[in-house]
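Engineer: Just to be clear, the model below is a prediction. Sequence and coordinates:
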Amino acid sequence: MAERILLIDDDPHFTQVLSRSLERRGHPCATAADGPAALTAAQTFRPDWMVLDLRLEKESGLSLIQQLKSHCPHSRIVMLTGYASIPTAVEAVKLGAWNYLHKPATLQELLAAFADGSSKPGSLNPEDTDTEIMSVDRLEWEHIQRVLNEQAGNISATARALNMHRRTLQRKLQKYAPR
């Protein structure tokens, strides 16, 4: 039987479409829109794999990783986010995530993220690492994400630390990460 997958995302359209696609491939799916629902679903559904959004309505997906792992220690968690950054990727893997993907990701990329590329979660193959030099926009995005992470997600404190107007920072954060 195929792996059971729990989708944790606050976008109901996204979870519905992804759930349908995964079920067509033979993976039983359950969905949750927030932390409490995710923890309940993890206990009752007992997923093999979990797809977790970084930014849920009222909480960070990072804060759920250890709780989800305590309910389902055998499960693999892939963090899937439109707000990808190196600091959050490192933090997710440190907390127990198996992998980290940037939205939009294809169904094949998502399923491949759960694969046994190595015995260690989050380890990188040398062939997989991107040797391109980052653009200035990408460097700025990474720096903003690092400072935001240091400020525990507080937009106003991050704007002060970056010496940037809060509304300017919010506009930058609403955009997808530059490649």
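Structural biologist: Nice, I can see it.
Engineer: give the contact list for the residue nearest to residue 32 when sequence neighbours are not counted.
Structural biologist: Leaving aside its sequence neighbours, residue 32 sits nearest to residue 38 (Cβ to Cβ, 6 or more residues apart in numbering; 4.0 Å). Placement of C-beta: from N, CA and C, glycine included. Residues near residue 38 by Cβ atoms under 8 Å, 6 or more residues apart in numbering: 6, 8, 32, 52, 64, 68.
Engineer: Which positions within whatever helix or strand residue 38 lives in qualify as buried?
Structural biologist: Applying DSSP states H and E as the criterion places residue 38 in helix 35-45. Neighbour-count burial for helix 35-45, counted by 16 or more other Cβ atoms under 10 Å, picks out 35, 38, 39, 41, 42, 45.
Engineer: coming back round to it: residue 113: which of the contacts of residue 38 is nearest?
Structural biologist: Closest approach between those and residue 113, by Cβ to Cβ: residue 52, at 11.7 Å.
Engineer: Got the phi and psi for that closest one?
Structural biologist: Here is the backbone geometry of residue 52 (degrees, to the nearest 10): phi -120, psi 130.
Engineer: now residue 30
Structural biologist: Dihedral angles (degrees, to the nearest 10) for residue 30: phi -130, psi 160.
Engineer: That one against residue 45, yeah?
Structural biologist: Yes - in terms of Cβ atoms under 8 Å, residue 30 counts as a neighbour of residue 45; the distance is 4.3 Å.
Engineer: Residues in contact with both of these two, list them for me.
Structural biologist: Between them, residue 30 and residue 45 share the contacting residues 4, 6, judged by Cβ under 8 Å, 6+ apart.
Engineer: which element is the residue nearest in space to the middle of the chain on?
Structural biologist: With distances taken as Cα atoms, centre = their mean, residue 79 lies nearest the centre of the chain, 2.5 Å away. Using DSSP H and E, residue 79 falls within strand 76-81.
Engineer: packing partners for that strand?
Structural biologist: On a contact count with 3 or more Cβ pairs under 8 Å, 6 or more residues apart in numbering; DSSP states H and E, strand 76-81 meets strand 49-53, helix 62-71, helix 86-95, strand 99-102, helix 107-113.
Engineer: Swap in 6 Å and give it another go.
Structural biologist: Contact analysis of strand 76-81 by 3 or more Cβ pairs under 6 Å, 6 or more residues apart in numbering; DSSP states H and E lists strand 49-53, strand 99-102 as its packing neighbours.
Engineer: Let me know the helix or strand that residue 142 is in.
Structural biologist: helix 136-150.
Engineer: May I have that helix as CSV, with CA atoms only?
Structural biologist: Provided in CSV are the C-alpha atoms of helix 136-150 (Å, rounded to 0.1, in the frame of the first residue of the first chain):
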residue,chain,number,x,y,z
VAL,A,136,21.3,40.7,-5.5
ASP,A,137,17.5,40.3,-5.0
ARG,A,138,18.0,36.7,-3.7
LEU,A,139,20.7,37.9,-1.3
GLU,A,140,18.4,40.6,0.0
TRP,A,141,15.6,38.1,0.4
GLU,A,142,17.9,35.7,2.4
HIS,A,143,19.0,38.6,4.6
ILE,A,144,15.5,39.7,5.3
GLN,A,145,14.4,36.1,6.1
ARG,A,146,17.4,35.7,8.5
VAL,A,147,16.6,38.9,10.4
LEU,A,148,12.9,38.0,10.4
ASN,A,149,13.8,34.6,11.9
GLU,A,150,16.0,36.3,14.5
